[in-house]
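S.K.: With the sequence up front, the predicted model follows.
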Amino acid sequence: MSGGSDIEVEIVYGKSGSARVIKQTVPERATIRQAIEQSGILTRYPDIDLDNNKVGIFSRKKQLHDPVCAGDRIEIYQPLQVDPKEARRRRAKKLAG
C-alpha cells in the first residue's frame, strides 16, 4: 500500500467485562485485517484468531477484506460460548418449571 494519506481508526477487543481500545493510523486503503495486524493487538491477545473471531465496524458485521474509513471503530468479537438457540431453550425450560 503506497500513496494516499493516512487515516485514524480504533481497534476494539472486549474481554472479561472490559474492552481494550487501540487508536491506530493506517493507510487510507487499508483493510480491516491490515488495520488489526498493524495495531499489535494480535500479539497482546494471542487468543484472537482472525479465522474464527468475527469482526465488525460500529456493530455491523464485516469481512476482513473490507476497507476501513477514517474514524471507523473496528470491533473484534469473541466467539459465542453458548449457541443462542440453546440459551433460549434453557431459559424457557427454567421459566416453565
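M.R.: Arrived safely.

S.K.: Could I get the pLDDT score of the most centrally placed residue in the chain?
M.R.: For the chain, the residue lying nearest the average C-alpha position, counting by Cα atoms, centre = their mean, turns out to be Ile76 (1.5 Å). According to the predicted model, the pLDDT of Ile76 comes to 97.

S.K.: which residues does it contact?
M.R.: Ile11, Val12, Tyr13, Ile36, Ile41, Ile48, Asn53, Val55 (Cβ atoms under 8 Å, 6 or more residues apart in numbering). To be clear about C-beta, it is placed using only N, CA and C from the backbone, and glycine gets the same treatment.

S.K.: Now do the same contact list for the first one.
M.R.: Right, the one you point to is Ile11. By Cβ under 8 Å, 6+ apart, the contact set of Ile11 is Val21, Ile22, Gln24, Ala35, Ile36, Ser39, Ile41, Ile74, Ile76.

S.K.: Just the buried ones out of those residues, please.
M.R.: Those of those that meet the buried threshold are Ile22, Gln24, Ala35, Ile36, Ser39, Ile41, Ile74, Ile76, by 16 or more other Cβ atoms under 10 Å.

S.K.: List the buried residues of stretch 41-50.
M.R.: By neighbour count on 16+ other Cβ under 10 Å, the buried set for stretch 41-50 is Ile41, Leu42, Ile48.

S.K.: average pLDDT for that stretch?
M.R.: This predicted structure assigns stretch 41-50 an average pLDDT of 94.

S.K.: Please list the outside residues in contact with that stretch.
M.R.: Defining contact as Cβ under 8 Å, 6+ apart, one finds that stretch 41-50 is touched by Ile11, Tyr13, Lys15, Arg20, Ile22, Arg33, Ile36, Leu64, Ile76.
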